[in-house]
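Asker: Quick check, what structure comes out for this input:
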Amino acid sequence: MNKTEISADLVQETINFHGHSCPGLAFGIRVSELIMTRFGRALDEEIVAVVETDMCAVDAIQFLTGCTFGKGNLIHLDYGKNAFSFYRRLDGEGVRIVTRRNIFPKEGDELVTLQKKMIKEGLAPEEQKMLKEVMELRTKRIMEAQLEELFEVKPAKGPMPKKARILESVICQACGEMTMESRTRRFLGETLCIPCFEAMEKQY
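Answerer: Residues are numbered from 1 along each chain as shown. The predicted structure is shown next:
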């Protein structure tokens, strides 16, 4: 497979959903392509995604695979890894997709150099144009690479996540806002939401 099998129209819809085209989104499109080839697309909650990053790729995964935060079948683990696990509830099968190391060189990487300079001191107009061109080239390479070049596919770690639960909400006794009971804390005999609990803790 030399190019993504996701149609150009669907790729554009994904870009529109995210807001721009970039290498991170391209990785998410290719992850989604890989998992949809194996599991299909989630119509409801029958596929669960566990993502270990909050990068642009996650928007593509939500849009294309049908695994979303709102349905509870997309779970974010804040590990800072380009790793994505998917589970199929029908038969319990699970895979973990990890971006391969050294796809792009770290030393002398023009994209990394320009991004660092942009953060530290900003870019001149010609450098901004260069950054845009480098990002477009990187995105094109990701979209046209073989999936095996981009990712390692491993067995998923750990058991399948439980289904999302609908729990009772209770009133935070500090701010008066309704809060899911599993997200409340007890402090000095009161039931508090997490922000109020943390604010109270700082006072003592």
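Asker: do you know how far the residue nearest the centre of the chain is from Thr65?
Answerer: For the chain, the residue sitting closest to the mean C-alpha position, by Cα atoms, centre = their mean, is Val58 at 2.7 Å. Applying Cβ to Cβ, to the nearest Å, the value for Val58 to Thr65 is 10 Å. In short, each C-beta sits where N, CA and C put it, glycine included.
Asker: picking that back up, quick one: contacts for the residue nearest to the centre of the chain?
Answerer: Gly28, Val51, Leu74, His76 (Cβ atoms under 8 Å, 6 or more residues apart in numbering).
Asker: A helix includes it, no?
Answerer: Yes. Looking at Val58 with DSSP: H, G, I helix; E, B strand; the rest coil, it is inside a helix.
Asker: Roughly how far does it sit from Gly189?
Answerer: 40 Å.
Asker: residues near Glu33, how many?
Answerer: By other Cβ atoms under 10 Å, 19 other residues sit near Glu33.
Asker: ok, residues contacting the helix or strand containing it?
Answerer: Following DSSP states H and E, one finds Glu33 within helix 23-39. Residues outside helix 23-39 that contact it (Cβ under 8 Å, 6+ apart): 4-6, 11, 14-15, 18, 47, 49, 55-61, 64-65, 82, 84, 86, 88, 93, 95, 97, 99, 111, 135, 138-139, 142-143, 145, 147, 150-151, 153.
Asker: Filter those residues down to the buried ones and hand me the ChimeraX line.
Answerer: The ChimeraX selection below is limited to those of the contacts of helix 23-39 classed as buried (16 or more other Cβ atoms under 10 Å):
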select :4,6,11,14,15,18,47,49,55,56,57,58,59,60,61,64,65,82,84,86,88,95,97,99,135,138,139,142,143,145,147,150,151
